[in-house]
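# Sequence and computational prediction follow.
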Amino acid sequence: MSDIKYILGSFGDPDEMMHGIEKLQENNISIFDVYTPMPIHGIEAKLGIKRSRIDIAAFCFGITGTCAAFALIYFCAVIDWKVNIGGKPSFALPDFIPIMFELTVLFCAFGMVLTYYASTHLFPGRAPRVMDLRATDDRFVIAVDAKDNIEHTVIDGLLKDAGALEVKYNERKYISYE
Amino acid sequence: MSGHNESILREPLITGDNITYAKITDDILGPVENKPNKAWWIGFIVASLGALLWVVAVSYTFWNGIGAWGLNKTVGWAWDITGFVWWVGIGHAGTLISAVLLLFRQNWRNSINRSAEAMTIFAVICAATYVVSHMGRPWLAYWVLPLPNQFGSLWVNFNSPLVWDMFAISTYFSVSLLFWYTGLLPDIATIRDRAVGTRRKIYSIFSFGWSGSVKTWQRFEAVSLILAGISTPLVLSVHTIVSMDFATSVIPGWHTTIFPPYFVAGAIFSGFAMVLTLLLVARKVLGLENYITMFHIESMNKIIILTGSIVGVAYLTEFFIAWYSGSEYEQYAFINRSTGPYWWSYWMMMTCNVISPQLLWFKKIRLSIKATWILSIVVNVGMWFERFVIIVTSLHRDYIPSSWAMFYPTWVDISVFVGSIGLFFTLFLLFLRVLPSIAIAEVKLLLKTASEQAKMKQIKEGHENKEYVAEYVESLEKFDSVKQEDYAKI
């Protein structure tokens, strides 16, 4: 049994999978991760995952965009080269607003999404780290580290009781490398 | 997520009785994983011929300059800007569906947002090509950017709405693309994990290594919500700024403060019409009746009545304000629009945008696929004429009667426009073949709460109020994908 790295409980129903998580936690078995084909609401609380702080990042990027736009326009239109348009003031703040708004959105969107890609390690060409190929299709998969939790028969039983359609013993962490 | 059932009074968003998670994947990926059918090939050949025409016409314009178009010294803006505004407007429905409806928690958006967003991207591509070819010297297109240059760093004019528009359209395009692609990642991963060989390798690169772990999904949802939150004002700002291209000028007929809201309503109006034009066909050809149901079609039709009526009120308000302003130039511009040499285009606009969408108040018409499809085309024709009326009829009679002129399009004008439609459909048909036309993960979210079978189960459990059940069953009559006899038994 020592070659087994991960035990996977593959469920056909998200509610049964949630039940499986509860069962494992009641028995003090730590869960490595859960892979699902769709977002499962309420799972973060169960697995003790903290609220995402991406909104703070988004705000910071957005405000950077606002300032960058203002600085650019102010420099170009007020400091560097004033254009005399019928004697009107060159520091015409209302005219700056559209571009300040657009750059706020642009910086916020790109900054936030790139932060998201970086923090979840998503980038073009990255080798997918998948434990069960059906986890992006119709299976909800709970992964348990087999080295840390040695009572494999207990885990097997708990998962099957909760309604797992299949329990897999993976000897490799990720099967998607071949 | 499915701890509680959805009210039985809400119409189901997924119909059919043997829908499983696996079936959703199979149904949606059908067109992506199998060889295309004849209908697709015919459509693709026709569309790519159109795209070819576009390449020829745009290249001709680049080579010869915009003198190739029918512009004259009075009418300096015509089909090009008409086409540009028309395409940008069409694009807006995609963002509206994906962003505004997400903020309002309208779950019916889940099955139409993906193709609507794709439509946005392709429509903005079509719009952008008009801008570039209209520049006359497209190889100098970078001059619109505030770059230090060899002319002594004379910057772009930040007071000009055209510069604002450059920022707005490029932000809109890139943010829409980002929103669309991020949403696509889980679905590309689904295709990847089902494919073999080279196909898997290709989709693997584009899936960015998506795994579907808890944290990825949690942040994904946060990112989607914030993107929706910033895209909503973005989409409003884009068409507002497009309208300012006109509204900040001093041309009678353009110089009005009503333009921003009126343009935005018109954009949503035409965009939803284009979504219907595309999806009514795609639903049938790709066999997606269970996911894009009559409820979706009816909801979109309702938005069309609403926005069509807003546009109608705007037309009348414009007319009233022209009279009320007491400005004879303003008054003449509007009298000339409706009774001058371009009266036919004005009344074409009025009929297609204000009068015919009112037919959708009738339930029978709203629920008829044929009628809806025809009306969606009518709306798009009407919206093209709206832009034509605003642009050409305001320009063609300027302050000096000796320079009054008419606009006659050349073959290049016509080819650029027809070709851009070809380009749009070519891109859309290719999209249907390589990427899922419905957001798979988002539709799966609805299966346990908002599907017909979940509601059927609720009814069978027998805890539901009888009146509610009767009302629910009655609401199912409009669905073409529901078998009524299943409900007769209960």
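Noted; the coordinates are in hand.
# Please list all residues in contact with B:Ile438.
Contacts for B:Ile438 (Cβ atoms under 8 Å, 6 or more residues apart in numbering or on different chains) come out as B:Ile28, B:Ser111, B:Ile112, B:Arg114, B:Ser115, B:Leu288, B:Tyr291, B:Ile292. Using the backbone N, CA and C atoms, a C-beta is placed for each residue, glycine as well.
# Now the stretch 101-250 of chain B against chain A: closest residue?
At 3.1 Å from chain A, B:Gly209 is the closest residue in the stretch 101-250 of chain B, using Cβ to the nearest Cβ.
# sec struct for the nearest residue to that residue once chain neighbours are set aside, please.
Nearest non-adjacent residue to B:Gly209, counting by Cβ to Cβ, 6 or more residues apart in numbering or on different chains: A:Arg126, 3.1 Å away. Using DSSP: H, G, I helix; E, B strand; the rest coil, the structure places A:Arg126 in coil.
# what residues are up against A:Ala77?
The neighbours of A:Ala77, taking Cβ under 8 Å, 6+ apart as the test, are A:Val83, A:Ser90, A:Phe91, A:Ala92, B:Trp155, B:Phe158, B:Asn159.
# related to what we said a few turns ago, kindly present the contacts of B:Ile438 as a markdown table, with separate columns for secondary structure.
Shown next, in a markdown table, are the contacts of B:Ile438 (three-state DSSP):
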| residue | secondary structure |
| --- | --- |
| B:Ile28 | helix |
| B:Ser111 | helix |
| B:Ile112 | coil |
| B:Arg114 | helix |
| B:Ser115 | helix |
| B:Leu288 | coil |
| B:Tyr291 | coil |
| B:Ile292 | coil |
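# got those residues as CSV, with pLDDT columns?
Below are the contacts of B:Ile438 laid out as CSV (pLDDT from 0 to 100):
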residue, pLDDT
B:Ile28, 88
B:Ser111, 87
B:Ile112, 89
B:Arg114, 90
B:Ser115, 89
B:Leu288, 86
B:Tyr291, 89
B:Ile292, 89
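# What is the neighbour count of the residue of chain A found nearest chain B?
In chain A, the residue that lies nearest chain B is A:Arg126 (3.1 Å; Cβ to the nearest Cβ). Residues lying near A:Arg126 (other Cβ atoms under 10 Å in any protein chain shown) number 16.
# how far away is B:Glu318 from chain A?
Applying Cβ to the nearest Cβ, to the nearest Å, the value for B:Glu318 to chain A is 23 Å.
# and that residue, what does it touch?
B:Thr256, B:Ile258, B:Tyr262, B:Phe334.
# And the pLDDT at it?
Predicted confidence (pLDDT) for B:Glu318: 90.
# Ok, B:Ala116 next?
At B:Ala116, the pLDDT value in this model is 90.
# Please, which helix or strand holds it?
Using DSSP states H and E, B:Ala116 sits within helix B:113-134.
# For that helix, C-alpha coordinates in CSV please.
Output in CSV follows, covering the C-alpha atoms of helix B:113-134 (Å, rounded to 0.1, in the frame of the first residue of the first chain):
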residue,chain,number,x,y,z
ASN,B,113,-23.9,34.5,-21.8
ARG,B,114,-21.1,32.7,-23.5
SER,B,115,-22.3,33.1,-27.0
ALA,B,116,-23.5,36.6,-26.3
GLU,B,117,-20.0,37.5,-25.1
ALA,B,118,-18.5,35.9,-28.1
MET,B,119,-20.8,38.0,-30.2
THR,B,120,-19.6,41.1,-28.3
ILE,B,121,-16.0,40.4,-29.2
PHE,B,122,-16.7,39.8,-32.9
ALA,B,123,-19.0,42.8,-33.1
VAL,B,124,-16.3,45.1,-31.6
ILE,B,125,-13.8,43.6,-34.0
CYS,B,126,-16.1,44.6,-36.9
ALA,B,127,-16.6,48.1,-35.4
ALA,B,128,-12.9,48.6,-34.8
THR,B,129,-12.1,47.9,-38.5
TYR,B,130,-14.4,50.7,-39.5
VAL,B,131,-12.5,53.1,-37.2
VAL,B,132,-9.2,52.0,-38.6
SER,B,133,-10.2,52.2,-42.3
HIS,B,134,-12.0,55.5,-41.7
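# Perfect, I'm done here.
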